[in-house]
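Visitor: What shape does this take:
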Amino acid sequence: MNNNAWSMRLLLACLAAIALAACAGEVPRQKTQWQAVGGSSAEIELTDAVLLEPSTGYTRVLARGSRWREAGRISEGRVYRPINGVLTAEGRHVHEAYLVLDGGRVVGFYLPVEQAFMALPPKPINYQNKGN
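Guide: The predicted structure is shown next:
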């Protein structure tokens, strides 16, 4: 194979990769009703790392030792925001996200800007209470 043919194949491979990346889908979400938890100091600390695998393909790892403060509730569960960091959900765009827990499992993300819920495959989560 000559250099021109090799260069053309490389260019086509790069263009295909860029096209696939540009085709990332929207974050699947549904509107939900937010109920703020006024003055709550309920905090949790993860005792194990958790790998979350949304359908968008952009995985997230919640670090062992990360701390979360209860921010509110939605019909899908209790909503926790990270204390020292930012959690995001990615698809075509990047969205700020909070963690939604129900019965000792992560069930999704709450997207505060969109006021919407993004479901995840339920995953057990181990944590200890740190606040009220």
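Visitor: Now the closest residue to residue 124 other than its chain neighbours, what are its backbone angles?
Guide: In space, and not counting its chain neighbours, residue 124 is closest to residue 105: 5.5 Å by CB to CB, 6 or more residues apart in numbering. (Each C-beta comes from the backbone N, C-alpha and C, glycine too.) When read as degrees, to the nearest 10, the backbone of residue 105 gives phi -130, psi 150.
Visitor: Now for residue 105, how many residues are close by?
Guide: For residue 105, the number of neighbouring residues by other CB atoms under 10 Å comes to 15.
Visitor: Show me where this structure has its strands.
Guide: Applying DSSP state E to the chain gives strands spanning 30-31, 35-36, 43-46, 50-52, 60-62, 67-74, 77-82, 87-90, 94-102, 105-111, 116-124, 127-129.
Visitor: and the first one, what's its mean pLDDT?
Guide: It stands for strand 30-31. For strand 30-31, mean pLDDT is 89.
Visitor: Likewise for stretch 112-124?
Guide: Mean pLDDT, stretch 112-124: 94.
Visitor: how about it: buried residues?
Guide: 112, 114, 116, 117, 118, 120 (16 or more other CB atoms under 10 Å).
Visitor: ok, so of those, who is nearest residue 48?
Guide: Taking CB to CB as the measure, residue 48 lies nearest residue 120 of the buried residues of stretch 112-124, at 16.8 Å.
Visitor: where does the chain dip in pLDDT?
Guide: Residues of the chain that meet the criterion pLDDT under 70 lie in 1-27, 40, 131-132.
Visitor: any idea how far residue 59 is from residue 69?
Guide: Distance of residue 59 to residue 69, given as CB to CB, to the nearest Å: 24 Å.
Visitor: and the two? which has more neighbours close in?
Guide: The neighbour comparison of residue 59 against residue 69 (other CB under 10 Å) goes to residue 69, with 18 against 10.
Visitor: now the more buried one, which residues is it bridged with?
Guide: Beta-bridge partners of residue 69, counted by DSSP bridges, are residue 43, residue 81.
Visitor: Figure out how far stretch 44-60 is from the centre of its chain.
Guide: 7 Å (CA atoms, centre = their mean, to the nearest Å).
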